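Chemist: Sharing a sequence plus its predicted fold:
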Amino acid sequence: MKIKVEHEPSQKRLELLGVFSWDIWTKEVSKIPWYYGNSETCYFLEGEVIVTPRGRQPVTMGKGDLVIFPAGMTCTWDILSDVKKHYLFS
């Protein structure tokens, strides 16, 4: 189980995925535990986060990143600056 981060994907790629029609999630600076029952793909419009999967190395992500979180992953979100992201669970 690995978090996949694509830095600065092209506008065309984002449009092909339909990112801008996905729901938006926002969260202020905080630290939250999370479990992914389903895979999530998201695109960060704002913010910076360090996500630490249980038993694995932390992964940094933020504004301009397209990220895929695997189903079955338990992690902690350390939100360093307020987040706004488009997201889609599959």
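Modeler: Arrived safely, thanks for sending. Numbering: from 1, shown residues only.
Chemist: Please count neighbours and contacts with C-alpha atoms only from this point.
Modeler: Fine.
Chemist: and stretch 53-69, average pLDDT?
Modeler: When pLDDT is averaged over stretch 53-69, the result is 97.
Chemist: just stretch 39-47 next, same as before
Modeler: In the prediction, stretch 39-47 has an average pLDDT of 98.
Chemist: Helix, strand, or coil at L16?
Modeler: helix (DSSP: H, G, I helix; E, B strand; the rest coil).
Chemist: What count of nearby residues applies to it?
Modeler: By other C-alpha atoms under 10 Å, 10 other residues sit near L16.
Chemist: ok, it to G64 distance?
Modeler: L16 is 16 Å from G64, where distance means C-alpha to C-alpha, to the nearest Å.
Chemist: What of F89?
Modeler: According to C-alpha to C-alpha, F89 and G64 sit 19 Å apart.
Chemist: okay, those two: which has more neighbours?
Modeler: Legend: neighbour count by other C-alpha under 10 Å for F89 and G64, higher for G64 (18 against 14).
Chemist: so what's that one up against?
Modeler: By C-alpha atoms under 8 Å, 6 or more residues apart in numbering, G64 lies in contact with 7-9, 43-46.
Chemist: among those residues, which ones are buried?
Modeler: Among those, those that count as buried by neighbour count (16 or more other C-alpha atoms under 10 Å) are 43-46.
Chemist: wait, is L88 part of a strand?
Modeler: Yes - counting by three-state DSSP, L88 is located in a strand.
Chemist: Got the confidence number for it?
Modeler: With respect to pLDDT, L88 scores 98.
Chemist: shouldn't M61 be in contact with I50?
Modeler: Yes - under the criterion of C-alpha atoms under 8 Å, M61 makes contact with I50 at 6.4 Å.
Chemist: Give me the more crowded residue out of the two.
Modeler: More neighbours surround M61 than the other of M61 and I50, with 19 against 16 (other C-alpha under 10 Å).
Chemist: May I ask which helix or strand encompasses the more buried one?
Modeler: Here M61, judged by DSSP states H and E, is contained in strand 59-62.
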